[in-house]
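Novice: structural data only, the sequence is not supplied:
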């Protein structure tokens, strides 16, 4: 890594993403604060810069292929990315026909697309963290969908499972579909981590899925059991793994948890 390794954090304008980005900046990284809300990101970057830290905003909507392509193009001529934290995510309780599709788009399809275009820009020995959830454990899924997730071993297969789930959800529109959509998105994200770990291993890149726990963010709500700082530490552990550390795993607080 360079004297100021480069870190990119998605969903960095608030909550866990903002806490992780600031911690990385305080640890000596140059941090790209990525997200949809440019003004919020600019204000956060200015706050960090005012504290003599290194940060810059990067407008990025992980649900928009054009936005992903534009962000990747803007980074192509710059230094390689040493740390990539894919934190952007949604947990929607909406019950309209498109709710499941929006959840899978943000939580799974976006990370697949973003990692695909950023993979050539990752530094040798980079760390990639996919922010997941214990709600994505396979034991939490109905048997049929569990088998589908377990069989998926490529991006195409992951996306095909997501498409089949969305089609079924839009047809049934039963109670509990919103929660199941979130569980499916995170279970498939965990499978993505395992696949990427194998693909990127020749470059000594470590890829892991991390559950931050139930955190008091806008998504988790005020009744959650963990602070933002506690959740962020779980993620930061995976960004700081030393060479030869675990890869392709699912962790919380540095401890492996069940798939």
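Specialist: Arrived safely, thanks for sending. Small disclaimer: the values here were computed from a predicted structure and weren't measured. Numbers count the residues shown, from 1 in each chain.
Novice: what's the neighbour count on the residue nearest to residue 71 when sequence neighbours are not counted?
Specialist: Ranked by C-beta to C-beta, 6 or more residues apart in numbering and with sequence neighbours excluded, the top spatial neighbour of residue 71 is residue 60, at 4.5 Å. For glycine as for every other residue, the C-beta is placed from the backbone atoms N, C-alpha and C. Residues contacting residue 60 under the criterion other C-beta atoms under 10 Å number 27.
Novice: dump the residue contacts of residue 60.
Specialist: 10, 34, 35, 36, 67, 68, 71, 114 (C-beta atoms under 8 Å, 6 or more residues apart in numbering).
Novice: list the contacts of the fifth one.
Specialist: For residue 67, the contacting residues are 59, 60, 61, by C-beta under 8 Å, 6+ apart.
Novice: okay, and which of the residues you listed map to strands?
Specialist: residue 59 (DSSP state E).
Novice: quick one: the strands in the stretch 151-259 of the chain?
Specialist: With strands called from DSSP state E, counting those that start in this stretch, the stretch 151-259 of the chain shows them at 206-210, 250-252, 255-256.
Novice: single out the most deeply packed of those.
Specialist: Ranked by mean neighbour count, the strands of the stretch 151-259 of the chain are led by strand 206-210 with a mean of 27 (mean count of other C-beta atoms under 10 Å).
Novice: so for that strand, mean pLDDT?
Specialist: Strand 206-210 shows a mean pLDDT of 98.
Novice: counting by contacts, list what it packs against.
Specialist: Applying 3 or more C-beta pairs under 8 Å, 6 or more residues apart in numbering; DSSP states H and E, we find strand 206-210 packed against strand 122-131, helix 177-200, helix 228-239, strand 250-252.
Novice: same list (these) but as JSON lines, adding mean pLDDT and distance to residue 20.
Specialist: Rendered in JSON lines, the data for those read as follows (pLDDT from 0 to 100; distance: least, C-beta to C-beta, whole Å):
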{"stretch": "strand 122-131", "mean pLDDT": "98", "distance to residue 20": "9"}
{"stretch": "helix 177-200", "mean pLDDT": "96", "distance to residue 20": "17"}
{"stretch": "helix 228-239", "mean pLDDT": "97", "distance to residue 20": "5"}
{"stretch": "strand 250-252", "mean pLDDT": "97", "distance to residue 20": "15"}
